[in-house]
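Participant: Give me a 3D structure for the following:
(2 chains)
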Amino acid sequence: MLRLARPDYLAIVAHALDGVPEEVCGLLAAPVGGDSGQIEAVYKCRNIRASAKVYEPHPLDVGAADDDAGARGLTLAGVYHSHTHTDAWPSPTDVAEAGWPDWHYVIVSLRHPEPVLRSFRIVNGEINEEPVEVRPPVE
Amino acid sequence: MPVDVHLPTVLRQHAGGLSSIKASGSTIAEVFEDAIRQFPLLAGQLVTEDGKLHKFVNVYRNDEDVRFLDQLQTKVSDDDVISVLPAVAGG
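Facilitator: The predicted structure is shown next:
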């Protein structure tokens, strides 16, 4: 399960909306040795691909996020990105590039008027959706 | 002379929780071999079974991505810092 504090959930969705027409991306961090789905930090990253179809977080942003997470006793535990015109489901590229079996792969779809955020585990090419809990709940 | 190898948070569990280790070698490949000798759990995380840089890590010699240098054969000298970061991408 992915657990997001409401401000983090809203920040991810706002980042996705702000980024239109391009895909946005960012990193998620959880406590070292704890529940990897308990997200305690969200790091917006620049998409160096500057594209509506692909994303890759800027290496400097990845480095800064990793440094900050490490200093706070957290570990990078996932990545989010937006799909501007397709559903919140991993694309073949997402699956091919999913290299971290412990990570949570979060996708925000802007296909419909209301943004949709879903989370997946992707291991050896196999996609498994997981529940997303936002606390306190979004009304 | 060993160089500093900065490990990303995702790999620290394979290196006793350390954020930085010291490893010796004149190339990235040799430095990684030494790192894996010290921390065997790093095997398979940095280099593939057929001896290539793993697709899911980015490796920097100081601030230069070694994929744009000589990959694993990139030379390493004293005072260089090797940094490893997770490679993340998608569509």
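Participant: Could you give me the buried positions within stretch A:80-87?
Facilitator: A:80-84 (16 or more other Cβ atoms under 10 Å in any protein chain shown). The way it works is simple: take the backbone N, C-alpha and C, and place the C-beta from them, glycine included.
Participant: meant to ask about stretch B:60-67, not that
Facilitator: Those would be B:60-61, B:66, for stretch B:60-67 by 16+ other Cβ under 10 Å.
Participant: If we check chain A, which of the residues you listed are in contact?
Facilitator: Restricting these to those touching chain A (Cβ under 8 Å from any Cβ of the partner chain) yields B:Y60.
Participant: Among the buried residues of stretch B:60-67, pick out the one closest to chain A, please.
Facilitator: B:Y60 (7.7 Å; Cβ to the nearest Cβ).
Participant: just to revisit the earlier point, so which of the buried residues of stretch A:80-87 are also by chain B?
Facilitator: A:H81.
Participant: And whichever strand in chain A runs longest, how far out from the chain middle?
Facilitator: What stands out as the longest strand in chain A, according to DSSP state E, is strand A:74-83. Taking Cα atoms, centre = their mean, to the nearest Å, one finds strand A:74-83 lying 3 Å from the centre of the chain it belongs to.
Participant: How about stretch A:69-78 and chain B, any contact?
Facilitator: Yes: Stretch A:69-78 is in contact with chain B by Cβ under 8 Å from any Cβ, via A:69-70, A:74-76.
Participant: Sorry, wrong one. I was asking about stretch A:36-47.
Facilitator: No: counting by Cβ under 8 Å from any Cβ, chain B is not contacted by stretch A:36-47; separation bottoms out at 8.5 Å.
Participant: can you pull out the strands in chain A?
Facilitator: Going by DSSP E, chain A shows strands at A:2-5, A:25-31, A:41-45, A:74-83, A:104-109, A:116-123, A:126-130, A:132-135.
Participant: For these, give me a markdown table that also has mean pLDDT and distance to B:L85.
Facilitator: Below are the strands of chain A laid out as a markdown table (pLDDT from 0 to 100; distance: least, Cβ to Cβ, whole Å):
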| stretch | mean pLDDT | distance to B:L85 |
| --- | --- | --- |
| strand A:2-5 | 97 | 23 |
| strand A:25-31 | 98 | 11 |
| strand A:41-45 | 98 | 12 |
| strand A:74-83 | 98 | 9 |
| strand A:104-109 | 98 | 18 |
| strand A:116-123 | 98 | 19 |
| strand A:126-130 | 98 | 25 |
| strand A:132-135 | 96 | 26 |
